[in-house]
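Novice: Provided below are the primary sequence and the corresponding predicted coordinates.
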4 protein chains.
Amino acid sequence: MNLFSSDYCEGAHPRIMEALARTNFEQTEGYEEDPYCDNARALIRKAIDCPACDIYFLSGGTQTNMTFIAHALKPWQAVIAAETGHICTHETGAIEATGHKIIAMPAEDGKLTPQLIQAAVDAHTDHHMVAPKMVYLSDSTEIGTIYTKAELSAIRRVCDRNSLYLYMDGARLASALTAPGNDLSLTDFPELCDAFYIGGTKCGALFGEALVLVNPALAEDFNFTLKQRGGLFAKGRILGIQFGELFKDNLYLELGAHANALAARLKSAFEDKGFPFLVDSPSNQIFPILPNELITALREKTAFRDQEVIDEGHTAVRFVTSWAMTDAMVDAFIEDLNRLCHE
Amino acid sequence: MNLFSSDYCEGAHPRIMEALARTNFEQTEGYEEDPYCDNARALIRKAIDCPACDIYFLSGGTQTNMTFIAHALKPWQAVIAAETGHICTHETGAIEATGHKIIAMPAEDGKLTPQLIQAAVDAHTDHHMVAPKMVYLSDSTEIGTIYTKAELSAIRRVCDRNSLYLYMDGARLASALTAPGNDLSLTDFPELCDAFYIGGTKCGALFGEALVLVNPALAEDFNFTLKQRGGLFAKGRILGIQFGELFKDNLYLELGAHANALAARLKSAFEDKGFPFLVDSPSNQIFPILPNELITALREKTAFRDQEVIDEGHTAVRFVTSWAMTDAMVDAFIEDLNRLCHE
Amino acid sequence: MNLFSSDYCEGAHPRIMEALARTNFEQTEGYEEDPYCDNARALIRKAIDCPACDIYFLSGGTQTNMTFIAHALKPWQAVIAAETGHICTHETGAIEATGHKIIAMPAEDGKLTPQLIQAAVDAHTDHHMVAPKMVYLSDSTEIGTIYTKAELSAIRRVCDRNSLYLYMDGARLASALTAPGNDLSLTDFPELCDAFYIGGTKCGALFGEALVLVNPALAEDFNFTLKQRGGLFAKGRILGIQFGELFKDNLYLELGAHANALAARLKSAFEDKGFPFLVDSPSNQIFPILPNELITALREKTAFRDQEVIDEGHTAVRFVTSWAMTDAMVDAFIEDLNRLCHE
Amino acid sequence: MNLFSSDYCEGAHPRIMEALARTNFEQTEGYEEDPYCDNARALIRKAIDCPACDIYFLSGGTQTNMTFIAHALKPWQAVIAAETGHICTHETGAIEATGHKIIAMPAEDGKLTPQLIQAAVDAHTDHHMVAPKMVYLSDSTEIGTIYTKAELSAIRRVCDRNSLYLYMDGARLASALTAPGNDLSLTDFPELCDAFYIGGTKCGALFGEALVLVNPALAEDFNFTLKQRGGLFAKGRILGIQFGELFKDNLYLELGAHANALAARLKSAFEDKGFPFLVDSPSNQIFPILPNELITALREKTAFRDQEVIDEGHTAVRFVTSWAMTDAMVDAFIEDLNRLCHE
């Protein structure tokens, strides 16, 4: 069975495995206060061209979002997100569990716009309502779309006008930054965001996200929140070692590009058969709309998830590719698809 | 510099590193729904002789304590702990951050007793106070002491009389179960506790704790809380692989015994010099009381932590040994100690 | 200046003021453990024909909603509400501050339906999402509409099919139950709801809501939550005395009918001039759509609130009537309206 | 049966009842935005000589403490209190339910000292522990003792040295400020505290506490928290009217002095019989230690509460006097005491 069900079906990039093995018996102090974390921070600061930012490593995306948002917001403040945003849909109310309302906006293609953000702000007029204070974006989004530099800059401006923090969930940042149509680079995020995270779990690491705190006001005392929310890793160096490998050269983005290339091949294969898509996504997630019988038949050899029921006979499904998947996997799938479509 | 500052200064046992490398490119579904987690659960269930328990894997101790306690207690219920307990002292208020009061009792040698528990219960008489509902223990405790079977059984009885859950923090369970004077075994915990966790981070794993939910009422819907609190691991199989190695034979307890043996050698060395101890601890943490000048001199070659100021000239310090430390490290330290004491 | 801005612009019904004065120097024990609270509970139990229910008195609506919902739900459970529901819009995120997500559904005329509830349930499929567990309704709704017995019964059935609690916010229950088109009576709520509250603040009391806990599972230990959330009143008898007056005869419903009658007169006046309404509401809140110049002119003598901008020249506004307003106030307003419309 | 069980056994001062009746049918806007609240704020600002402070009215003490502390502290910050403090003992974990740890210190006579506060601060050294940020005091304390100006000033200095907020729970402030030995006045509190509340419930009001926010940083956005925590009163003017009466002349302190005088008479009566006291309290709560048979006999005519078991035959009990109790009540009690002691 080949799995296109997610981009966390495999382990870590071999260089990471080697680095972990090589350093295994070295002794270091815990809690991210070790030379490997320091090295990874230095490499990331250089890659994003932000020497003054604070960087913390956390084990997963929900934990990172929950910990950061709980840290940044006062109890009566809320975060604005697309209603398809990960914090709205697939984190079991983690943000609300820390006491904060999410103002969920209906966003076409999973992307917030200045208009949507301003509308959310304008709807909150006094102290009988929560106070919007943060914008949460994902790049790439949960449905595979990406932001352009113009779009992100416009969102930054609407945030400035309304004193909102801008926070970017970069679980799939490597894929976004290497997707066709992308004109953002790693150095743009510290300029445009108050904070963002660089996702490792979905791009080459065993696990781990690097949270970059650009706005110094949000960095203050973050280590308290990190510990309080269960996110401070005892053997922190394991995270440092992993991000040290991903950022000591261009490996991180190369892995994103690899996943995108495989997704593009899958996309072409579906296009060749004339299947439409739920959304036109350039990154490592694609959402073809397929006949239900075909879906059933494909699942004999391949795993992938349902996204949305379209009509009685058709469902939009999700294929996700990863840094670790191979052209051979894609070849085998396309062969299967061709076979089933010709029967 | 040799580090006796904690038992999480190194990576993982070589068998774990090999297993991770061997399985690295296999594809599995995420979120602990994979064959490696299933295998680890089966091995643990066998080792503890509790076929019906539920087992979840989390990445660290604070996260495990916080997630479980938040799951088990209703908002007005409180947990009773020794005032030296980890949840009282070194979790940055993680339990309170989930809304629950800890009733901290002054406990000699870090150990709760039936009397202390009953006193905590008796002090809470009506709905103007929190309702005690859980007892939190650690074995070994934060100051290296251990519970006997008679002590733990007596605590179980006082819990039963007062309808309290009994929860055991097993961050250092391997050390406890292989310490001189211990008469508890892994199979006793499901009989005596409603829930407990088997610590991997401090015994052979890169990271990871196995939370065992014995009481079915506490297992219901636990996966919701696990996700909500940021504890559900995307590549869950990494945790399954690690616990699979630790429990496929007696490795887990062997590693605990190794750490204890090294600690016993350190303890003898201090005893030989006539130094007293803050507490008589049989496990992998020892707390000698040393002259401050000696402490300063020892720290030129060795790292260890202060525990408590005794008087102007003396401090109790903490030495911790791990599964990964060697007799050679201990030899070198003892040589240094001998040299400094003879000057 | 006459105020139609809310139904809490005045004090309490004279009978309540007299009862408070009459009993002022009697000594009673505090915290709702006094004969006046017992008497009020007995009268309410009789009025709703539910001898076994538990009843608590709280000082306001937000506090009642927040306290009850925090008590009833487990941390990962969510409440379904109309997106116009008070808990969604005007409680400053009080529900989220207790850790719970509100699943807000777009509901025509402010009323949930079985279809909307089932859709909310169906969208939550596993432990990566919150678990819907309660339905929150208001009767009358925040935009003045009311539920019929058939509608409420159908909602009860969809709750039963999905193991959902049904909770009714009765801030304006007196108005709902005496509105044209209503076929519900006080005795229907214990049969159809797990819990509901009878609003006193907006109907005759200085302040106070009577929370009726019908489902025994939700009543257990409620006094702990009540105290913990700041809702347990020291001089509880003040609440008991007030509800004792409201329910010793038909006063409560008479006051609701009075408010409705005044609102109906206002409504007719606007209808006579041909103004449309945002919603066709039969209770004590009406929402005419008026030209902005007329609104400005009317506000020289009368206070009322904006509800929603309709277009550049028109705004829907809200007029609320209370048990304490008089026909003379309405006469004066209608005269002013006539005058301004004829100019 | 005469009740000395609390100082909230009666209604309100007749002047308050008259003012409520007199204004009953006036219309005002809600939520403390009315002329009566404005007037009460002006009177209190004058009485405490603090023209710039913000003042909010809440319905009870637990709600005031919980709302203010939740507003002032960041999630990882804690409040230091005497272990007999109301927030530690009789608020059902309300502070912890908002996420904050209370650092409870063993305080002689219920009073914190600079030494205790500094010890609490010194015990918290890094981000693995909560960060102490506030000191909570009560004056008078829960066991009737009071602070001197020198004591409170010394506590202010230790707060300044450690960047701690100082918050005073004034549930029984009127009694404290009119007790023998007191040298504090209302004007001292704005100089020494960041915030404090003036208790109305236990001194003349039907209910209500006036929270004074002196430190502007703690006043910012407080109205959001007030609403979110259920503390914003719809008919806010009821609170304004009450505090307007209490502060339009010296009534508030006169009522405190009355309660103290009655307590002093009770105290003398017990002293005359040679009974010792648990604590030497000069205010409206006294704690004689009595033989258990005498306690039983006294309770046939008088209600009062147990405070603490002293030995098998003796119990410390609590007598509380109020602004509304009479010399005749005290006479009757003393007569009963004399009779029982002579039998």
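Specialist: Sure thing, it's come through. The structure presented is a predicted model; accordingly, all values stated were derived computationally and were not measured.

Novice: Hmm, residue C:94 and residue A:96 touching each other?
Specialist: No. Residue A:96 sits out of contact with residue C:94 when judged by Cβ atoms under 8 Å, with a separation of 11.8 Å. The way it works is simple: take the backbone N, C-alpha and C, and place the C-beta from them, glycine included.

Novice: If we go by neighbour counts, what in the helix or strand hosting residue A:42 is buried?
Specialist: Using DSSP states H and E, the element containing residue A:42 is helix A:35-48. Within helix A:35-48, the residues that count as buried by 16 or more other Cβ atoms under 10 Å in any protein chain shown are A:36, A:37, A:39, A:40, A:41, A:43, A:44, A:45, A:47, A:48.

Novice: and what of stretch A:8-18?
Specialist: Neighbour-count burial for stretch A:8-18 [16+ other Cβ under 10 Å]: A:8, A:9, A:10, A:11, A:12, A:13, A:15, A:16, A:17.

Novice: how about the residues you listed, which pair is most distant?
Specialist: Farthest pair in the buried residues of stretch A:8-18 (Cβ to Cβ) is A:9 and A:15. Separation: 19.0 Å.

Novice: confidence score at the nearest residue to residue A:275 once chain neighbours are set aside?
Specialist: Excluding its sequence neighbours, the residue lying closest to residue A:275 (Cβ to Cβ, 6 or more residues apart in numbering or on different chains) is residue A:288, at 4.8 Å. Residue A:288 is assigned a pLDDT of 98 by the prediction.

Novice: how far is stretch A:43-61 from where the chain is centred?
Specialist: Its chain's average C-alpha position is 15 Å from that of stretch A:43-61, according to Cα atoms, centre = their mean, to the nearest Å.

Novice: That one: end-to-end distance?
Specialist: Using Cα to Cα, to the nearest Å, the span of stretch A:43-61 from its first residue to its last is 21 Å.

Novice: What's the local residue count around residue A:122?
Specialist: Using other Cβ atoms under 10 Å in any protein chain shown, residue A:122 has 10 neighbouring residues.

Novice: neighbours around the closest residue in space to residue A:199 that isn't next to it in sequence, how many?
Specialist: Excluding its sequence neighbours, the residue lying closest to residue A:199 (Cβ to Cβ, 6+ apart) is residue A:171, at 4.0 Å. The number of residues packed near residue A:171 is 29, by other Cβ under 10 Å.

Novice: So residue A:171 sits against residue A:196, correct?
Specialist: No. Taking Cβ under 8 Å as the definition, residue A:171 is not a contact partner of residue A:196, at 10.7 Å.

Novice: where does chain A have low pLDDT?
Specialist: The model of chain A has pLDDT under 70 over residues A:343.

Novice: Which SSE is immediately downstream of the helix ranked longest in chain A?
Specialist: Secondary structure of chain A per DSSP state H: the longest helix is helix A:251-272. Next along the chain after helix A:251-272, taking DSSP H and E as the criterion, comes strand A:285-286.

Novice: Contacts for that following strand next, please.
Specialist: With contacts defined as Cβ atoms under 8 Å, 6 or more residues apart in numbering or on different chains, strand A:285-286 is touched by A:140, A:143-144, A:172, A:175, A:263, A:266-267, A:270, A:277, A:318-320.

Novice: Flag every residue of the stretch 101-250 of chain A that's near chain B.
Specialist: Residues of the stretch 101-250 of chain A that fall close to chain B, judged by Cβ under 8 Å from any Cβ of the partner chain: A:201-202, A:206-207, A:224, A:227-235, A:238.

Novice: repeat that with 7 Å
Specialist: Residues of the stretch 101-250 of chain A lying close to chain B (Cβ under 7 Å from any Cβ of the partner chain) are A:201, A:206-207, A:224, A:227-231, A:233-235, A:238.

Novice: Can you show me the strands along chain A?
Specialist: Assigned by DSSP state E, chain A shows strands spanning A:2-3, A:54-58, A:77-82, A:102-105, A:131-138, A:165-169, A:195-199, A:209-213, A:285-286, A:289-291, A:302-303, A:305-311, A:314-320.

Novice: Now look at the longest one and say if it contacts chain D.
Specialist: Yes. Contact of strand A:131-138 with chain D (Cβ under 7 Å from any Cβ) involves residue A:131.

Novice: and that strand, what other elements does it pack with?
Specialist: strand A:77-82, helix A:114-122, strand A:165-169 (3 or more Cβ pairs under 7 Å, 6 or more residues apart in numbering or on different chains; DSSP states H and E).

Novice: can you list contacts of the second one?
Specialist: In this structure, residues lying in contact with helix A:114-122 by Cβ atoms under 7 Å, 6 or more residues apart in numbering or on different chains are A:80, A:103, A:105, A:107, A:132, A:135, A:154, A:155, A:158, A:162.

Novice: For the closest residue to residue A:338 other than its chain neighbours, the count of nearby residues, please.
Specialist: Distances taken as Cβ to Cβ, 6+ apart put residue A:269 closest to residue A:338, at 7.8 Å, once the chain neighbours are dropped. As a burial measure, residue A:269 scores 20 neighbours (other Cβ under 10 Å).

Novice: Isn't residue A:269 up against residue A:335?
Specialist: No. Residue A:269 is not in contact with residue A:335 according to Cβ atoms under 7 Å; the separation is 9.6 Å.

Novice: domains in chain A, as residue ranges please.
Specialist: Using automatic domain parsing, the domain ranges for chain A come out as A:2-7+A:251-342, A:14-246.
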